[in-house]
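# Have a look at this prediction, sequence included:
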Amino acid sequence: MPLRDHFRPPLDDIASWEELHGQWPATIVQQLRKKLPPGYVAGPRVHAGTQVEVDVATYEKENADPNFKALGGNGGGAATVWAPSSPTVAVETVLPDFDEYEVRVYDATRKRRLVAAIEIVRPANKDRPEHRNAFIAKCSALLQNGVAVSIVDVVTIRRFNLYAELMAFLGHSDPTLGPEPPPLYAASCRWVRKGERAILETWSHVLNAGQTLPTVPVWLTDVRAVPLDLEQSYEQACDDLGIR
């Protein structure tokens, strides 16, 4: 069956997108474990981030120098500690909560070395610049550490294309995306060495509601990959959740 729109009626009236995002990594793991060669393992990573607020009370001695604070020492005296002046920028912001919906693949023969990550994009990854930057920074760091990265984005309520932004961050572009990158897509990326050159390779697909999902490569080594049938895992997740 084709890709549904999980973020608008009528489907979001009967099933939350979070249910799919929570179940899909598990079905991807089930699929990959049948295809991974010996020595490789896959596991889901569904993590709900939290934000911690800390209240800090400060005591400033009356008439003290504004650049210093007095702290009591063991001998009963006061030790002066330098404090910086007022910040040049102080703006209200939102700390990323780092929710994650992903699958990780490890090489168990090399002390469980991470070799591939499959990222399922959620709405909050696309809703504001700092969240998009955090997602792109994460993917870029994985790639730079030799980890193959796949990005799957079925979020219909945000127009941003994080794969295109990742490519721009890395100093490249994908001409197959056109002048206005589509909001739904699947892409696999890796950096591989060929001789003395470092080559960035990507496999990208435009997704559309009402169409079937593609198969993308999950790279384990420079020369070995396994297929990730997104349609099969997606349909299994929908079936498990009773989504028709």
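Cool, got the structure.
# give the contact list for P123.
F7, W17, V155, I157, R158 (C-beta atoms under 8 Å, 6 or more residues apart in numbering). To be clear about C-beta, it is placed using only N, CA and C from the backbone, and glycine gets the same treatment.
# Now do the same for the first one: its pLDDT.
Yep, that's F7 we're talking about. Among the per-residue scores, F7 shows a pLDDT of 94.
# Next, the contact list for the residue nearest in space to the middle of the chain, please.
In the chain, the C-alpha closest to the average C-alpha coordinate belongs to F135, at a distance of 4.7 Å (C-alpha atoms, centre = their mean). Going by C-beta under 8 Å, 6+ apart, F135 touches E119, V121, N125, L162.
# Looking at the residues you listed, spot the one nearest W219.
W219 has its nearest neighbour among these in E119, at 14.4 Å by C-beta to C-beta.
# doesn't C189 fall inside a strand?
Yes. Using DSSP: H, G, I helix; E, B strand; the rest coil, the assignment for C189 is a strand.
# so who does it touch?
With C-beta under 8 Å, 6+ apart, C189 has these contacts: C139, L143, A148, V149, S150, I151, Y163, L166, L200, E201, T202, W203.
# try 10 Å this time
With contact set as C-beta atoms under 10 Å, 6 or more residues apart in numbering, C189 has these partners: 139-140, 142-143, 147-151, 163, 166-167, 170, 174, 200-204, 219.
# which of those residues count as buried?
139, 142-143, 147-151, 163, 166-167, 170, 174, 202-204, 219 (16 or more other C-beta atoms under 10 Å).
# re earlier: in helices only, show me the contacts of C189.
Members of these lying in helices (criterion: DSSP state H): C139, S140, L142, L143, Y163, L166, M167.
# Count the neighbours of the closest residue to the second one other than its chain neighbours for me.
Okay, so that is S140. Excluding the flanking residues, the one nearest S140 by C-beta to C-beta, 6 or more residues apart in numbering is F169, at 5.9 Å. F169: 14 surrounding residues under other C-beta atoms under 10 Å.
# again, but for Q144
11.
# T88 versus that one, what's the distance?
31 Å (C-beta to C-beta, to the nearest Å).
# Check the gap between A225 and A116 for me.
Taken as C-beta to C-beta, the span from A225 to A116 is 9 Å.
# Which one's more surrounded, those two?
Set A225 next to A116 and count neighbours by other C-beta under 10 Å: A116 wins out with 27 against 17.
# if I've got this straight, that one is in a strand?
Yes. Counting by three-state DSSP, A116 is located in a strand.
# That one and A148 touch, don't they?
Yes. The pair A116 and A148 qualifies as a contact (C-beta atoms under 10 Å) at a distance of 4.4 Å.
# what sits in contact with each of these two?
With C-beta under 10 Å, 6+ apart, A116 and A148 have common neighbours V105, L142, S188, R190, P217, V218, W219, L220, A225.
# Kindly confirm my reading that the fifth one forms part of a strand.
Yes. Assessed with three-state DSSP, P217 lies in a strand.
# returning to that earlier point: can you list which of the contacts of P123 are found in helices?
W17.
# now, which of the contacts of P123 sits nearest G178?
Out of the contacts of P123, the member with the shortest distance to G178 (by C-beta to C-beta) is R158, at 18.1 Å.
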